[in-house]
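S.K.: Predicted model and sequence follow; I will ask about them next.
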There are 2 protein chains.
Amino acid sequence: MARPRVVIVGGGFGGLYAARGLKRVDVDVTIVDRRNHHLFQPLLYQVATAALAGPDIAAPIRKILRHQENVRVLLGEATEVDTAARELVLADGRVGYDHLVLAVGAVDHYFGNDGWAEHAPGLKSLGDALEIRRRILLAYERAEREPDVARRREHLTFVVVGGGPTGVELAGSLAEIARHTLARNFRAFDPRETRVLLVEGEDRVLPAYPPELSAKAAAQLERLGVTLWTSTRVTGIDAGGVDLGDERIVSRTVLWAAGIRAHPLVGTLGAPCDRSGRVLVEPDLSAPDHPEIRVIGDAAAVRGEEGDVPGVAPAAIQMGRYAAAAIEAAVRGETPEPFRYVDKGMMATIGRRAAVARVGRWKLSGIVAWWMWLLVHIIFLVGFRNRLAVMIEWAFWYLTYQRSARVIVTDAERA
Amino acid sequence: MARPRVVIVGGGFGGLYAARGLKRVDVDVTIVDRRNHHLFQPLLYQVATAALAGPDIAAPIRKILRHQENVRVLLGEATEVDTAARELVLADGRVGYDHLVLAVGAVDHYFGNDGWAEHAPGLKSLGDALEIRRRILLAYERAEREPDVARRREHLTFVVVGGGPTGVELAGSLAEIARHTLARNFRAFDPRETRVLLVEGEDRVLPAYPPELSAKAAAQLERLGVTLWTSTRVTGIDAGGVDLGDERIVSRTVLWAAGIRAHPLVGTLGAPCDRSGRVLVEPDLSAPDHPEIRVIGDAAAVRGEEGDVPGVAPAAIQMGRYAAAAIEAAVRGETPEPFRYVDKGMMATIGRRAAVARVGRWKLSGIVAWWMWLLVHIIFLVGFRNRLAVMIEWAFWYLTYQRSARVIVTDAERA
């Protein structure tokens, strides 16, 4: 009998951990991604804000999995799931499966205003991050060449829409760049003239966090010079600025961190979804009526004991591990236990030595939370054998020939 | 009396050293570049071959010069020199000068076959390097998905046109990637099947080097698995391969390192040029009949005591320093001594522990030359306060808020 074919779509945290979990299982695994690299998404805002180079937070999927003999990696764009034929449809072919894991993540969601995308890019891929970096840096270059004070102000106003962790991290970084990084770099103006506005529809930033931490985050952001506009809804975005009901802010650089929805591939399953397009999965993360298909990570709506499982990396990792175990059980003819999310907490960084974190019932902020954030992220990055240092890299390259910058950023991504 | 206005076009080695050399001179300096960053071009092939990230070898020009109060940096595209009005014409404005330094470097030269550019990109900018990296990595991804052996061979054949230092470095890196970096990364083929061909019109690689070193370089390349086609001229390049007179090589990835010419801006001077478009400058590096205009670096044809001054970084640095001193003399009403090139030698690297170098009359090859190459380049990079390590970077960012990845890669560059 042929070995069961497991197809995993997506090389993010969920897909990668699902593949790794199948290492000692007697199956043939194919992992399909339209990019050649796994991305350490929690640090993507640092690429967008020029603190890190793209390759610092990316590693080729096939390099990570090269020692796992039962895995092959395909660069390809999945367009549809043919559930009747049990085939994954690619832009240029088909791959048959016995078990399918959809770990496709999320895409930006402009709530029906797709025209905003052009003026307010979101931050999901390395291409997005490089585009945002380009816009931020060009805004300052244009300000240096703009003699008119009012028009210079348009270039020196940055609006971040959405006060979740990504929005908070982007706004904090923008304020640090203006206050510290660019000091003395310009002759026609002082970068400290820069305005950074963070717009949030709810009445506080980090609405998913305990209210005390939202307040701490707000205070830390304001200390950095970020202006918070909470309880404020964006009604329009164009090339010249942002409309907020009756108000208007002129700005040439607007960044979107306000909404995401599940990748459209999961819509082709025909399964029931929530408002964000996430599949309402069964307790074993399978799609309703399709025990052979599992949806994990940001594309799945999972009820936990204390509300919805959040769209964070640890949750995707847990789901990936679970999916592998569930497939192993199914191959043996067993029934897996239901998925249980273990909530280890949440953390968001704001700037240098400024962060907030919840660990279980503990709440931390300021320097302590920041050091914890730094430690956790460094440990994670090292876990992916990614580079912490070009110096280490050169030594490593010398000893092993490995190169860590093998990252494709396609033209289409950068558009 | 107003301070003399010095305009420098180009933020490469020549332009940057010219600006630095004017630090204590009572002039207003404007440095114009169409990119926001100085590029450490000798390591650009390492970005193209995925050993380094773009930001590792780039630093914002305005960051490098931020403490020099008499310099302003403009991001802008110079299109013409209006010698009558003494103005530099930009795509969107004009800048008047009393002294002009053209340090605009070189562009790829396809010897009248501009149609080849699309199929065989050259390596001059960060955008070029990322495009080449993308092509190399995609070739392997396509090979993994190609079931037909003959067509897979097209993807696994890399042709480098031009056996100068850049061509040798690219070919050596490609061979190392195939033999070592990608080991065990693919399931459908063994990356060691890769063919790397280096095509050179002269009868030896590194024709500007002493013949013994050419022979050493050839031996080191062949040991890495590179096939050398010397005394061979390319007669055609298209999407499917390369024509070499009666012969043809099928290849989907062709890289151009065969010819450069001076940036076309110097053509607008109306001054006499050599066949590569370089201005035949006076002994003080001024353009004939224009003592107020100096042309330095790769855009200048300079006769040294032992033949033409080569287009290498140390020569550009020496010319940049000289241009600053000559302007200082002119401001004081003095006549500068003629420019004298001090030849410190040349070096090219081939692969891990493989290089060739000439230092004065000494000739070195193998491990000794490689360690010398490494040392010289590390010292140089440190000199530009560029990052050697993200780890250092993080510590540095923590202490000073400086960010080193402030590099714009424009869409147009990546086309």
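M.R.: Right, received. Where do you want to start? Numbering: from 1, shown residues only, chains lettered A, B, ... in the order given.

S.K.: For chain B, what's its nearest residue on the stretch 151-300 of chain A.
M.R.: A:His180 (3.3 Å; Cβ to the nearest Cβ). All C-beta atoms are positioned from the backbone trio N, CA, C, and that covers glycine.

S.K.: count of residues packed around that residue?
M.R.: The burial count assigned to A:His180 is 18, neighbours taken as other Cβ atoms under 10 Å in any protein chain shown.

S.K.: what's the distance between it and A:Pro191?
M.R.: With the distance defined as Cβ to Cβ, to the nearest Å, A:His180 ends up 9 Å from A:Pro191.

S.K.: one step back: confirm that the residue of the stretch 151-300 of chain A closest to chain B sits in a strand.
M.R.: No - A:His180: not assigned to a strand; according to DSSP: H, G, I helix; E, B strand; the rest coil it is helix.

S.K.: what's the spacing between it and B:Lys63?
M.R.: Computed with Cβ to Cβ, the distance linking A:His180 and B:Lys63 is 13 Å.

S.K.: Over to A:Leu22?
M.R.: 47 Å.

S.K.: Which one of these two is surrounded by more residues?
M.R.: Legend: neighbour count by other Cβ under 10 Å for A:Leu22 and B:Lys63, higher for A:Leu22 (26 against 22).

S.K.: What sits closest to that one if chain neighbours are left out?
M.R.: A:Ala324 (4.9 Å; Cβ to Cβ, 6 or more residues apart in numbering or on different chains).

S.K.: that's a helix at the one you found, yeah?
M.R.: Yes - according to three-state DSSP, A:Ala324 belongs to a helix.

S.K.: What about it, how many residues nearby?
M.R.: 25.

S.K.: what are the ranges of the strands in the stretch 301-415 of chain A?
M.R.: Along the stretch 301-415 of chain A, counting by DSSP state E, counting those that start in this stretch, strands occupy A:303-304, A:307-308, A:346-351, A:354-359, A:362-365.

S.K.: Out of those strands, the one nearest chain B is which?
M.R.: Closest approach to chain B among the strands of the stretch 301-415 of chain A is made by strand A:346-351 (9.4 Å; Cβ to the nearest Cβ).

S.K.: any idea of the angle that closest one forms with strand A:354-359?
M.R.: Inter-element angle recorded for strand A:346-351 and strand A:354-359: 170 degrees (by axes from the mean of the first three to the mean of the last three Cα atoms, to 10 degrees).

S.K.: which helices and strands does strand A:346-351 pack with?
M.R.: Counting contacts by 3 or more Cβ pairs under 8 Å, 6 or more residues apart in numbering or on different chains; DSSP states H and E, the secondary-structure elements packed against strand A:346-351 are helix A:165-176, helix A:211-224, strand A:354-359, helix A:366-383.

S.K.: Other residues contacting the first one?
M.R.: So that's helix A:165-176. Applying Cβ atoms under 8 Å, 6 or more residues apart in numbering or on different chains, the contact partners of helix A:165-176 are A:45-46, A:48-49, A:51, A:123, A:136, A:158, A:160-161, A:194, A:196-198, A:200, A:205-206, A:217, A:220-221, A:224-226, A:255, A:257-258, A:346, A:348-352, A:354, B:401.

S.K.: Could you do the shortest one as well?
M.R.: For strand A:354-359, the surrounding residues in contact (Cβ under 8 Å, 6+ apart) are A:172, A:206, A:209-210, A:213, A:216-217, A:220, A:223-224, A:344-350, A:363-367, A:369-370, A:372-373.

S.K.: For ChimeraX, what selects the buried ones among those residues?
M.R.: Selection of buried members from these for ChimeraX, criterion 16 or more other Cβ atoms under 10 Å in any protein chain shown:
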select /A:172,206,209,213,216,217,220,224,346,347,348,349,350,363,364,365,366,369,370,372,373
